[in-house]
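> Take a look and give me a structure for this.
(one chain, ligands or ions: 1)
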Amino acid sequence: MKRLGINLCSLSTLLLLFWAPEAKAWGCKGHQTVAYLAEKHLTPEAKQMFEALLTENPVDPQLKRYCGNAVTNVFADAATWADDERTKAPKTAPWHFIDIPLGATRDQVKESCGTAGCVTEAIRDQLRILEDKTASAADRAQALRFIIHFVGDLHQPLHAVTNSDRGGNCVPVEYFRRIPHPIGGSYTPNLHAIWDTDMVERDMEGASPADFAGTLDAQFKSSEAKWIKEGIELEAWAWEGHQFAASTSYGAFAVKIAVEPNVAVEKCTDDNNIGDRMLKLHEAAGEAYQNAAAPVFEERLAEAGVRLAMILNEAAKTHP
Ligand SMILES: [Zn+2]
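Prediction:
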């Protein structure tokens, strides 16, 4: 027993050492919240059509589900699938974000989509498959799962920015009492991860994603008509996210982060060791930072939900 315990322990240490924590974009609960919120805004036709498509074409039961496989709502379950798929299909990794360099202007949004693709292009590509009457039901279900996830990702501010720091993954941050330490080529906590997961979950105060979706839907009721009127504008949504990243994700720190030269970064040791240089800034996110960020990510989650519903309601009309 003892030996087994030790072996398991060293195995998990090994896994921790070699497992690079990747940008997930909204953790499980954030993505599920977006899906629950969208479901409230689906037309009865869209809801019925897409619920059936997902139910009749389930996720591969062999696939390891990072967020667990006990989620009973098909839309909430679909919302986190693309992050699991990414570990199997690395070519889909760039589809989760758009690297608009910090300090860019609005006209640089389109050119920020790299040759390997980006989130705005991926949403368009998957919509084409979802609306294709000749595509198989399995392919359309997969496209739907990608769209549900990517519209969420597009609204995470750190998925529409990079400061040659892998979208904030290379920016170590002290989060309340947690001191950053290196892990798998990145750091925990880091700027990207606290926006994906930690700040959202703290803000949820233990609520379920379904309940949190209800809270946000009520909170942003007065803005929703405006978002719907503005229509489906993927580049504009990316730019909004980018601006929130500049003003708040990077901008709300007491110690200012300078705009880096825009260089390709694979690892936190690139860009003249960006990770180590950021570590030396001792960035801290506590009560003040959390309070500055909450109105931003609450709005982004609500917008993502309402806009996802707009896209799916349109698609349901196109594909009778
Ligand atoms: Zn993602």
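
> Please make it C-alpha for all contacts and neighbour counts, starting now.
Will do.

> Would you indicate which residues of the helix or strand hosting D153 are buried?
Element membership for D153, per DSSP states H and E: helix 137-154. Residues 137, 140-154 are the ones in helix 137-154 that count as buried (16 or more other C-alpha atoms under 10 Å).

> Give me the distance between the residue of the stretch 51-200 of the chain found nearest the ion and G206.
Going by C-alpha to the ion, the ion is nearest to H96 of the stretch 51-200 of the chain, at 4.6 Å. Distance of H96 to G206, computed by C-alpha to C-alpha, to the nearest Å: 27 Å.

> Could you list the low-pLDDT ranges of the stretch 1-150 of the chain?
The model of the stretch 1-150 of the chain has pLDDT under 70 over residues 1-24.

> And the helices in it, which stretches?
In chain order, the stretch 1-150 of the chain shows helices spanning 2-18, 28-41, 44-56, 74-78, 81-88, 119-130, 137-154, with DSSP state H, counting those that start in this stretch as the criterion.

> Let me see the contact set for A160.
By C-alpha atoms under 8 Å, 6 or more residues apart in numbering, the contact set of A160 is F97, I98, D99, I100, L154, G167, A238, W239, G241, H242, A245.

> give the contact list for the last one.
In this structure, A245 makes contact with P157, L158, A160, V161, G251, judged by C-alpha under 8 Å, 6+ apart.

> Now intersect the residues you listed with the strands, please.
Taking DSSP state E, every one of the contacts of A245 sits outside strands.

> so which two of these are the farthest from each other?
Spatial extent of the contacts of A245 (C-alpha to C-alpha) is set by the pair A160 and G251 at 14.8 Å.

> What average pLDDT does stretch 275-287 get?
For stretch 275-287, the mean per-residue pLDDT is 97.

> just the strands in the stretch 201-320 of the chain please.
Assigned by DSSP state E, counting those that start in this stretch, the strands in the stretch 201-320 of the chain fall at 284-285.

> Now whichever residue of it sits closest to the ion. Nearest residue, chain neighbours left out?
Proximity to the ion, evaluated over the stretch 201-320 of the chain using C-alpha to the ion, is greatest for A304 at 13.3 Å. Spatial nearest neighbour of A304, excluding adjacent residues (C-alpha to C-alpha, 6 or more residues apart in numbering): G152 at 5.5 Å.

> Report the contact partners of the one you found.
By C-alpha under 8 Å, 6+ apart, G152 lies in contact with A25, W26, H31, V34, L301, A304, G305, L308.

> 10 Å instead?
Applying C-alpha atoms under 10 Å, 6 or more residues apart in numbering, one finds that G152 lies in contact with 25-26, 30-35, 79-80, 96, 159, 300-305, 307-308.
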